[in-house]
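Undergrad: got a structure for you, letters missing:
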């Protein structure tokens, strides 16, 4: 760890301590932990208590391995979408009238955004295209209740 963000709450905790010796020890401990990622327990319980909070907050703000895996999945999915985009216009004949009116490209972008938002990933271009075909079929696209079931969301309410 080369740098870290010093939180205002940590400064407030340091300033709440009346003894300047303990304050300086705590500031050094926070800085060393933030820069080096190491903490040697102190003989002072106050320093140890505040450092336990600092370490927990620092660890929770670091990206986890699952976050990097999700980022990798999203980038692979985006690559699939980019490769499939050229085939989308050829699918116009499979589209519902509602999809044809809106435009297949617009439907595909909407479909991509929904997939990303719901973390629904595809393993291949074929799987992606088939999923999109189901999305723009006459049985789903343009029918709010069916779209809602497909994307697992509430249907848009129509007010008159």
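TA: Received it, and whenever you're ready, just let me know what you need. Predicted model, so just to flag it, every value in this text is computed and none were measured.
Undergrad: From now on I want contacts and neighbour counts done on CA atoms only, so please keep to that.
TA: Fine.
Undergrad: Report the secondary structure state of residue 17.
TA: coil (DSSP: H, G, I helix; E, B strand; the rest coil).
Undergrad: and it, how many neighbours does it have?
TA: 14 (other C-alpha atoms under 10 Å).
Undergrad: where's it relative to residue 143, distance?
TA: 63 Å (C-alpha to C-alpha, to the nearest Å).
Undergrad: Can you name the next helix or strand after the helix of greatest length in the chain?
TA: As assigned by DSSP state H, the longest helix anywhere in the chain is helix 65-88. Toward the C-terminus, helix 65-88 is succeeded by helix 97-102 as the next helix or strand (DSSP states H and E).
Undergrad: what comes up buried for the helix or strand following that next one?
TA: Using DSSP H and E, the helix or strand that directly follows helix 97-102 along the chain is helix 104-117. Buried residues in helix 104-117, counted by 16 or more other C-alpha atoms under 10 Å: 104-105, 107-108, 111-112, 115.
Undergrad: any idea how far residue 76 is from residue 84?
TA: Taking C-alpha to C-alpha, one finds residue 76 at 12 Å from residue 84.
Undergrad: Kindly report the same for residue 52.
TA: Remark: distance between residue 52 and residue 84 (C-alpha to C-alpha) = 50 Å.
Undergrad: How about residue 23?
TA: 59 Å.
Undergrad: between these two, which one's more packed in?
TA: Comparing residue 23 with residue 84 by neighbour count (other C-alpha under 10 Å), the higher total belongs to residue 23, at 19 against 16.
Undergrad: Having no further points to raise, I will conclude here.
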